[in-house]
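*Asks:* Everything below, folded, please.
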Amino acid sequence: MEDQQDVRIDAALQDFLRLQRELGLPDGPVTHDLLWQKKDHRSHIVLRLDCGGKSYVLKRVFGADDSDQLIQIAQAQVDASNAMGNARRMRAPKVHYVSDDGTVLLMDHVAGNTLDMLLYRGRDPKSLLKRSGRWLATFHRVMARRKRPFQPEQMVAHIDRLSCQIESGSRRVTAPERFLRCASQIPERAAQFADQTTIVARRHGDMNLRNLIFAQDGLYGIDFHPPGHMPVGFDIVRLLLDYAEIHQNNIALKPGTFLCYDVVSSFFEGYRLIEPDDPGFQFLQPVRLLLDWCAIPADPEDRSWRQQDRWQNMEMLIKNGFE
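*Replies:* Predicted coordinates for the structure are as follows:
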């Protein structure tokens, strides 16, 4: 694996040296740090590169057979950067280059700390959630938002498919009978919110705690999914359930809820496009919890420490919100 990493890093460095000449980037020696690497269905690495007093991030994908999706992912980052360029302190990193096949993406490096890291360091969550709400509202505001009736049928069908897979044994989850009992509540919950008015906008797609970076000159969002329009509740719930499963004081939950009052009120103090009674925001909380449940390895031996800690918090959310 180490040899494979070296080969990929060398290839990415060669890409950057070429772009350094072609784009007129600052001259001088180039230093690099490996920020991320993965080798599964899509081998890729992420490097930080420093030269001439400037820092960049280069994402390089190898052996991809889904170039259309890669192009869409890169385009989502470009679109966000362009659309948020004039927003005051709510931004996405500037993109300098995208290859025709989407396998090479070069953008500015943002020096700062992720929302997740600041929470682990004990920073005030109320202030951080309020600012995060402002960033997400800015993103949704500049990305062609519109009103429409909330239609939960696709998510109901998706949860039903997961339940069928668990019943048949083709998908394994921890506590499968418990999962099925909780999932059986989704159709009734959907009926409560169907056809109520919500707001649809361009999605971020993976709005988790590690994709918001707090920097000196503002707050930045990264790692956008391919363009698509969804009820804004999808991104909001993705962020707040990620918070609840890792950092929330779940002992303080009111019965029947998944999010503490101060978490919701702090976020919506910054996010003003919808109110907390929005149908998408309300319905998608238990759905997101079920999806995250499926992502936890069924065998405790296969879990990372973060996954094990997350599951312990999720069990409290399940008991309080479903049972």
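*Asks:* Counting neighbours, what do you get for residue 87?
*Replies:* For residue 87, the neighbour count with other Cβ atoms under 10 Å is 17. All C-beta spots, glycine's among them, are computed from the backbone N, C-alpha and C.
*Asks:* So it belongs to a helix, correct?
*Replies:* No - looking at residue 87 with DSSP: H, G, I helix; E, B strand; the rest coil, it is coil, so not inside a helix.
*Asks:* Skipping adjacent residues, who's closest to residue 309 in space?
*Replies:* Leaving aside its chain neighbours, residue 309 sits nearest to residue 246 (7.2 Å; criterion: Cβ to Cβ, 6 or more residues apart in numbering).
*Asks:* Likewise for residue 174?
*Replies:* The shortest distance from residue 174 to any residue other than its chain neighbours is 4.9 Å, reached at residue 298 (Cβ to Cβ, 6+ apart).
*Asks:* show me the contacts for the residue nearest to residue 309.
*Replies:* When contacts are counted by Cβ atoms under 8 Å, 6 or more residues apart in numbering, residue 246 touches 116, 119, 209, 306, 309-310, 313.
*Asks:* ok, these vs residue 294, which is closest?
*Replies:* Checking the contacts of residue 246 against residue 294 with Cβ to Cβ, the nearest one is residue 310 at 12.7 Å.
*Asks:* didn't that closest one look like it was pressed against residue 295?
*Replies:* No - counting by Cβ atoms under 8 Å, residue 310 does not reach residue 295; the two are 9.1 Å apart.
*Asks:* more neighbours, the two?
*Replies:* Set side by side, residue 310 and residue 295 show more neighbours around residue 310, with 19 against 9, by other Cβ under 10 Å.
*Asks:* Only the buried residues of the helix or strand containing the more buried one, if you could.
*Replies:* If you go by DSSP states H and E, residue 310 is part of helix 305-321. Neighbour-count burial for helix 305-321, with 16 or more other Cβ atoms under 10 Å as criterion, is recorded at 310-311, 313-314, 316-318, 320-321.
*Asks:* contacting residues around that helix?
*Replies:* If you take Cβ under 8 Å, 6+ apart as the criterion, helix 305-321 is touched by 174, 178, 182, 244-246, 248, 250-251, 253, 255-258, 285-286, 289, 292-293, 296-297, 300, 303.
*Asks:* With stretch 192-202 instead?
*Replies:* With Cβ under 8 Å, 6+ apart, stretch 192-202 has contacts from 79, 139-141, 143-153, 227-233, 273-274, 278-280, 282-283.
*Asks:* Please list the members of those residues that lie in strands.
*Replies:* 146-149, 229-231 (DSSP state E).
*Asks:* Are any of the contacts of stretch 192-202 buried, and if so which?
*Replies:* Buried residues within the contacts of stretch 192-202, counting neighbours by 16+ other Cβ under 10 Å: 79, 139-141, 143, 145, 150-152, 230-233, 273-274, 278-280, 282-283.
*Asks:* Helices - which of those land there?
*Replies:* 79, 139-141, 233, 279-280, 282-283 (DSSP state H).
*Asks:* from the residues you listed, which two are the most distant?
*Replies:* Using Cβ to Cβ, the pair of these lying farthest apart is 79 and 282, separated by 28.8 Å.
*Asks:* Tell me, how many residues neighbour residue 7?
*Replies:* Neighbours of residue 7 (other Cβ under 10 Å): 11.
*Asks:* when you give positions from now on, start the count at 439
*Replies:* Yes, from this point I'll number from 439; that puts the last item at residue 445.
*Asks:* low-confidence ranges in the stretch 439-588 of the chain?
*Replies:* Low-confidence segments of the stretch 439-588 of the chain, defined by pLDDT under 70, are located at 439-443, 478-480.
*Asks:* switch to 80 and redo it
*Replies:* Residue ranges of the stretch 439-588 of the chain with pLDDT under 80: 439-444, 476-480, 501-505, 524, 582.
*Asks:* would you list every one of the strands in it?
*Replies:* Counting by DSSP state E, counting those that start in this stretch, one finds strands in the stretch 439-588 of the chain at the ranges 469-476, 481-489, 492-500, 528-529, 533-536, 542-546, 550-552, 584-587.
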